[in-house]
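Peer 1: sequence below, structure please.
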Amino acid sequence: MTENSNVNWFAEDAATFGDRLAAARESQGMTQEDLARRLGVALGTVEGWENDMREPRANRLQMLSGVLDVSLSWLLTGEGQGVDAGGEIIVADLAELLHEMRVLQTEMQQSAARLGVLEKRLKKAVAEAA
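Peer 2: Predicted structure coming up:
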């Protein structure tokens, strides 16, 4: 590998899922550890995704999309709203609102998953009590 090979490593036409994930994470100023913590997964899981050694489940894909402020289709295929959305200029306040909405959507999905777990536990407890 040459010394310049690390410069401008991201190319849309040759990017894999892991490349797009890493580019989106870096564009948000997050480390792999930051992303893992926000998603509630192990650091090794994020590393596996970015190295194309693992693939996230559907619910994690939605969370990634929201947390990284990119479209789900861009993460999967490279088409759609990504880190390089064609030079579209978004007013800072609107971009911040959009980001907050996506974070809230992610939190709501996590809460819904927790609610499902609690519902199962309650049903089990009721069945055992009967």
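Peer 1: worst mean pLDDT across the helices and strands of the protein, which element?
Peer 2: helix 72-77 (a mean of 85; mean pLDDT, DSSP states H and E).
Peer 1: following it, which helix or strand shows up next?
Peer 2: helix 92-129 (DSSP states H and E).
Peer 1: G18 contacts V46, doesn't it?
Peer 2: No: the criterion here is CB atoms under 8 Å, and G18 misses it with V46 at 10.0 Å. C-betas here are computed from N, CA, C, even on glycine.
Peer 1: report the contact partners of R20.
Peer 2: By CB atoms under 8 Å, 6 or more residues apart in numbering, R20 lies in contact with V70, W74, L75, G78, G82, V83.
Peer 1: so which residue is dead centre in the chain?
Peer 2: L64 (1.2 Å; CA atoms, centre = their mean).
Peer 1: show me which of G18 and V46 is the more surrounded one.
Peer 2: V46 (28 against 18; other CB atoms under 10 Å).
Peer 1: the host helix or strand of that one - what's its average pLDDT?
Peer 2: Using DSSP H and E, V46 sits in helix 43-50. Helix 43-50 shows a mean pLDDT of 94.
Peer 1: in that helix, which residues are buried?
Peer 2: T45, V46, G48, W49, E50 (16 or more other CB atoms under 10 Å).
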